[in-house]
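Colleague: quick one: sequence and predicted model below, then my questions.
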Amino acid sequence: MLPGVLLIEDTGSLLTATPAAERLLALAAPDEIRAALRIVGARAVMAGCLRPVVVEIPLAPAGRLVLISGRAGRQLTVIVEAHLDDDADAALVGGLTPREHDVLECVLHGLRTKRIAADLGISPWTVQTHLRSIFAKAGVSSRGELVALVHARARAAG
């Protein structure tokens, strides 16, 4: 899944968020997000401009959102990334082979077929074969539906 970007004040107040950041933040409870943003703001004030601040928010059933901040004038720029623990995504879409799990992980990171093929050392046709199998097992017909299903199941499990 692609990372997102937030712009916040030192107080932790959210000024703006990219669509990718909004999708990622929807994976965690709103109270946890607000608390994490306040922590990022407070730690950034203490750290000054010298180093980035990193805060993690646990996700159910397994994984975390990682917030990494840096100063942008009087505001803070925060990169938001999702990190699924080993086999968390496979647990959300059951019965995957190890290679299907690898392909699903790449899809959740927003990679295209050619990039997945290059990263995994397989052909684009083989990637498409794995995707068809994953879609069938998950009961979906597109990457967008697959990603939505994984996130919906993650929220339901939490």
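Modeller: Received it, and whenever you're ready, just let me know what you need. Numbering: from 1, shown residues only.
Colleague: does Ser69 count as helix, strand or coil?
Modeller: Classification of Ser69 using DSSP: H, G, I helix; E, B strand; the rest coil returns strand.
Colleague: quick one: it from Asp31, how far?
Modeller: Relative to Asp31, Ser69 is positioned 19 Å away (CB to CB, to the nearest Å). For every residue, glycine as well, the C-beta is placed using N, CA and C.
Colleague: tell me which of those two has more neighbours.
Modeller: Each of Ser69 and Asp31 has its neighbours counted (other CB atoms under 10 Å); Ser69 has more, 23 against 8.
Colleague: wouldn't the more buried one be in contact with Thr77 here?
Modeller: Yes: counting by CB atoms under 8 Å, Ser69 does reach Thr77; the two are 6.7 Å apart.
Colleague: where does the prediction get shaky in this protein?
Modeller: Within the chain, the ranges that satisfy pLDDT under 70 run 1-2, 49-50, 60-62, 72, 84-94, 152-158.
Colleague: mind jotting down where the strands sit in it?
Modeller: Taking DSSP state E as the test, the strands found in the chain are 4-8, 14-17, 53-58, 64-72, 75-83.
Colleague: now those as CSV including distance to Leu27?
Modeller: Shown next, in CSV, are these (distance: least, CB to CB, whole Å):
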stretch, distance to Leu27
strand 4-8, 11
strand 14-17, 13
strand 53-58, 9
strand 64-72, 6
strand 75-83, 7
